[in-house]
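>>> Show me how the following folds:
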Amino acid sequence: MSEMPTWEGFLVPCLEALKDGALRSRRELYALVAVVVGLTDQQRAVVLDSGQPMYANRIGWALSQLTRVGALSRPSRGQYQITEAGRQVFGRFPDGITEKQLDALGRDESSGIRPYVPSTSRRTPGSLIDDPPVTLDPTEQIEEGIARVHEAVAKELLERLRGKEPAFFERAVVELLVAMGYGGTGGVAAATQLVNDGGIDGIIDQDVLGLNKVYVQAKRYAAGNSVGRPELQGFVGALIGKADRGVFITTSTFSSSAIEYADRNTTTRLILIDGDRLTDLMIRFGVGVQVKETFHVVEVDEDFFQ
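Numbers count the residues shown, from 1 in each chain. Prediction:
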């Protein structure tokens, strides 16, 4: 898949989509600009964590920046139209323009472009990173920052889990599965006794009668100590006569032979969750973590100004 244009890469395409002088809505422009740029189906399918298509988010920031500097106007609610200054920009930079070049035009009194100087608390998309040119719009920068925080938290979670006793880890994975929705309405979840557990560390009843059960094996292994095929074979053996599926969770990784065994096993369906996926699920479902701060990304309510 070719690389998605940065938000700056959508500046001139937005002007091109409006060069005929027509009024167009943001929704119309998403479609038109995507055609102008030649986005592939794969690129259109990329979404942010918020669920918004990435290309639409970047087009939105380009439209906002062009409006701030006077290259576009908004004669009516949610409608955009190119200005004379915008036509000049398109004529002068038909192959693309950067935010720095747009800022330079704002300092040129003959250009018709208004200068846009953000305060220290309200920065333009590109002001967060000067060199190299920014490739992420502000929303994406927030999501990237959150991803970095999650990465650090995930690393600490693994260290904490590896440092606890096996019984704690077994209870933790059962709690995670319950948080994920396993256990059903009226179901029961519990870690088995350490002594004589038969290779099964947790059992989750999906219903009140216990007719549908999920069996769990949890291995608290150090980094570099992979779970191999023998461990999976032992787990499958413990499930004989009890269930035809199970979940195997570890704080480390699975060897290639273990993964191959799980994929090819036709009698018992095995779901393998390694350390990386484990911590990702813990963060996602709020197990072993708590919310430190909440950020709200706002935009103007068009209905309010109707």
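>>> contacts and neighbour counts: CA atoms only from here.
Will do.
>>> in the helix or strand harbouring Lys100, what counts as buried?
Element membership for Lys100 (DSSP states H and E) is helix 99-106. Of all the residues in helix 99-106, those buried under the rule 16 or more other C-alpha atoms under 10 Å are 99, 102-103, 105-106.
>>> now the strands: where do they sit in the stretch 101-250 of the chain?
188-191, 202-205, 213-219, 245-250 (DSSP state E, counting those that start in this stretch).
>>> For the last one, give the mean pLDDT please.
Strand 245-250 shows a mean pLDDT of 92 in the predicted model.
>>> Make 59 the starting number, not 1.
Sure, I'll start counting at 59 from here, so that last one is strand 303-308.
>>> Just the buried positions in that strand, please.
For strand 303-308, by 16+ other C-alpha under 10 Å, it's 303-308.
>>> Can you add distance to Ser315 and give these back as CSV?
Below are those laid out as CSV (distance: C-alpha to C-alpha, whole Å):
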residue, distance to Ser315
Arg303, 19
Gly304, 18
Val305, 17
Phe306, 15
Ile307, 16
Thr308, 16
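>>> Widest-spaced pair of those?
Within the buried residues of strand 303-308, two members stand farthest from each other by C-alpha to C-alpha: Arg303 and Thr308, at 16.8 Å.
>>> With distance to Ile140 as added columns, please give the strands of the stretch 159-308 of the chain in a markdown table.
Putting these into a markdown table (distance: least, C-alpha to C-alpha, whole Å) gives the following:
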| stretch | distance to Ile140 |
| --- | --- |
| strand 246-249 | 61 |
| strand 260-263 | 61 |
| strand 271-277 | 60 |
| strand 303-308 | 57 |
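>>> Could you tell me the least trusted of the ones you listed?
In terms of mean pLDDT, the lowest-scoring of those is strand 246-249 (a mean of 59).
>>> Could the C-alpha coordinates of stretch 321-335 be exported in PDB?
What follows is stretch 321-335, C-alpha atoms only, in PDB (Å, rounded to 0.1, in the frame of the first residue of the first chain):
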ATOM      1  CA  ASP A 321      -3.200 -24.100  14.200                       C
ATOM      2  CA  ARG A 322      -3.300 -27.800  13.100                       C
ATOM      3  CA  ASN A 323      -5.100 -29.300  16.100                       C
ATOM      4  CA  THR A 324      -8.400 -30.400  14.800                       C
ATOM      5  CA  THR A 325      -9.800 -32.000  18.000                       C
ATOM      6  CA  THR A 326      -9.300 -29.000  20.400                       C
ATOM      7  CA  ARG A 327      -9.500 -25.400  19.400                       C
ATOM      8  CA  LEU A 328      -6.700 -23.500  21.200                       C
ATOM      9  CA  ILE A 329      -6.600 -19.700  21.600                       C
ATOM     10  CA  LEU A 330      -3.000 -18.500  22.300                       C
ATOM     11  CA  ILE A 331      -2.400 -15.200  24.000                       C
ATOM     12  CA  ASP A 332       1.200 -14.100  24.400                       C
ATOM     13  CA  GLY A 333       2.600 -11.300  26.600                       C
ATOM     14  CA  ASP A 334       2.100  -8.500  24.100                       C
ATOM     15  CA  ARG A 335      -1.500  -9.400  23.400                       C
END
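>>> Need the contact partners of it.
The contact list for stretch 321-335 (C-alpha atoms under 8 Å, 6 or more residues apart in numbering) reads 212, 216, 294, 301-312, 317, 320.
>>> State the distance from the nearest residue to Glu201 once chain neighbours are set aside to Glu202.
Spatial nearest neighbour of Glu201, excluding adjacent residues (C-alpha to C-alpha, 6 or more residues apart in numbering): Asp107 at 7.4 Å. Using C-alpha to C-alpha, to the nearest Å, we find Asp107 at a distance of 10 Å from Glu202.
>>> With Val345 instead?
Taking C-alpha to C-alpha as the measure, Val345 and Glu202 are separated by 22 Å.
>>> Trp65 now?
Distance from Trp65 to Glu202, counting by C-alpha to C-alpha: 15 Å.
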